[in-house]
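Next come a sequence and a model predicted from it.
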Amino acid sequence: MAYLAPSEFVTKMVDAGESKIFMSTRDTVIRAYMAGAILALAAAFAITINVQTGVPIVGAALFPVGFCMLYLLGFDLLTGVFVLAPLALIDKRPGVTLGGVLRNWGLVFIGNFAGAFTVAVMMAIVFTFGWSQPPDKVGQVIGTIGESRTVGYANHGAAGMLTLFIRGMLCNWMVSAGVVGAMISTHVSGKVIAMWMPIMLFFFMTFEHSIVNMFLFPSGLLLGGKFTWWDYIIWNEIPTVVGNLVGGLAFTGLTLYATHIKTGPSRSASAAASSRPSSRIAA
């Protein structure tokens, strides 16, 4: 079957959230590490395209290749588990606790950051020819992005922080729509098409994605950007993470769960009797 009805794919969302909570520490960190690394490489790819063509929509149109790759390989992003893991708690799946949800979020954050930072170091070497010369054009642009989206927000004070938070919300509304969209289809082509549209939208609109920023801002610092680690953490990463959590859960996870999940004794009994789902459903 190529298409799943909403009630079916929302159940898959809950199953995926449950599987991630019970996943081993090793598997969780490895999958998060690879997701962060692949998404970081896709961000470098898209920025390179933008610099070389001068046409931002081209980079935005091709950036989703990274998201599709990591999803199809079964890797996990923080933005995805923000939406899926809480649904298993809300659904009262046996053994699911708030502590389990927070543990999953923490491990995925660590893995995503480690993966993105690894690629940041490698790309900084590429952009500077092993730090033997100043950054090339792409490296210079990445440094500028880091400045404008940290110090640039700070210059506006509370209004800047609000704008940053809202951009984080809008970002994960779209990213989580891509995660869920992939569950609608059982064919690879259908999954890719469903993921591609919202991911392209968020990237072109320069919304704030916490994992993409785990690459962009450390890269900017390594390449001589005129901002600090403190600027990055306070004036981007923390409010972006919170915005991603609120936007994805409020606009995607909770709305779909509230309107499409099946209720009643038959579903509850079925969920309780079933074994824990496979952890290969990615986010």
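Good, I have the coordinates.

Run the chain-centre distance for the helix or strand where residue 214 lies.
Assigned by DSSP states H and E, residue 214 belongs to helix 210-222. Between the centre of helix 210-222 and the centre of its host chain there is 14 Å, according to CA atoms, centre = their mean, to the nearest Å.

Over to stretch 204-222?
On the basis of CA atoms, centre = their mean, the separation between the geometric centre of stretch 204-222 and that of its chain is 11 Å.

Could I get the buried residue list for that stretch?
204, 207-222 (16 or more other CB atoms under 10 Å). Placement of C-beta: from N, CA and C, glycine included.

Stretch 143-160 now?
143, 145, 146, 149, 150, 151, 152, 153, 160.

which helices and strands does the helix or strand hosting residue 106 pack with?
Here residue 106, judged by DSSP H and E, is contained in helix 98-128. With contacts defined as 3 or more CB pairs under 8 Å, 6 or more residues apart in numbering; DSSP states H and E, the packing partners of helix 98-128 are helix 6-21, helix 25-53, helix 78-90, helix 137-148, helix 210-222.

Do I have it right that residue 64 meets residue 196?
Yes - taking contacts as CB atoms under 8 Å, residue 64 lies within contact range of residue 196: 4.6 Å.

More neighbours: which of these two?
Between residue 64 and residue 196, counting by other CB atoms under 10 Å, residue 64 is the more crowded of the two (23 against 20).

Kindly provide the distance from the more buried one to residue 197.
8 Å (CB to CB, to the nearest Å).

How about residue 214?
Separation of residue 214 from residue 197 (CB to CB) stands at 24 Å.

that older thread, mutual contacts of residue 64 and residue 196, please.
The contact sets of residue 64 and residue 196 overlap at residue 178 (CB atoms under 8 Å, 6 or more residues apart in numbering).

Relative to residue 111, which of the helices and strands packed on helix 98-128 is closest?
Taking CB to CB as the criterion, residue 111 comes closest to helix 25-53 out of the helices and strands packed on helix 98-128, the separation being 2.6 Å.

before we move on, the earlier item: just checking: the least confident one among the buried residues of stretch 143-160 is which?
Minimum pLDDT across the buried residues of stretch 143-160 is recorded for residue 143, with 89.

For this protein, which residues score under the pLDDT cut-off?
Under the criterion pLDDT under 70, the flagged ranges of the chain are 1, 262-283.

So for residue 259, what's the nearest residue that isn't a sequence neighbour?
Beyond its immediate neighbours in the sequence, the residue positioned closest to residue 259 (CB to CB, 6 or more residues apart in numbering) is residue 6, lying 7.8 Å away.

So that neighbour is in contact with residue 258, correct?
No - contact criterion CB under 8 Å: residue 6 and residue 258 do not qualify, at 11.6 Å.

still on that earlier bit, would TSV of the helices and strands packed on helix 98-128 with distance to residue 123 be doable?
Conversion of the helices and strands packed on helix 98-128 to TSV gives the following (distance: least, CB to CB, whole Å):
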stretch	distance to residue 123
helix 6-21	29
helix 25-53	5
helix 78-90	21
helix 137-148	8
helix 210-222	6
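
Let me know the distance separating residue 5 from residue 220.
Summarising the geometry, the distance separating residue 5 from residue 220, computed by CB to CB, is 44 Å.

same thing with residue 156?
From residue 156 over to residue 220 the distance is 19 Å, taken as CB to CB.

again with residue 144
According to CB to CB, residue 144 and residue 220 sit 8 Å apart.

Can you give me the neighbour number for the residue nearest to residue 259?
Neighbours of residue 6 under the rule other CB under 10 Å: 13.

Begin at 349 from now on, thanks
Okay, using 349 as the starting number, the last item reads as residue 354.

Residue 518 contacts residue 595, doesn't it?
Yes - at 6.2 Å, residue 518 counts as touching residue 595 under the criterion of CB under 8 Å.

Between those two, which has more neighbouring residues?
Neighbour tally, residue 518 and residue 595, criterion other CB under 10 Å: the higher count belongs to residue 595, 27 against 19.
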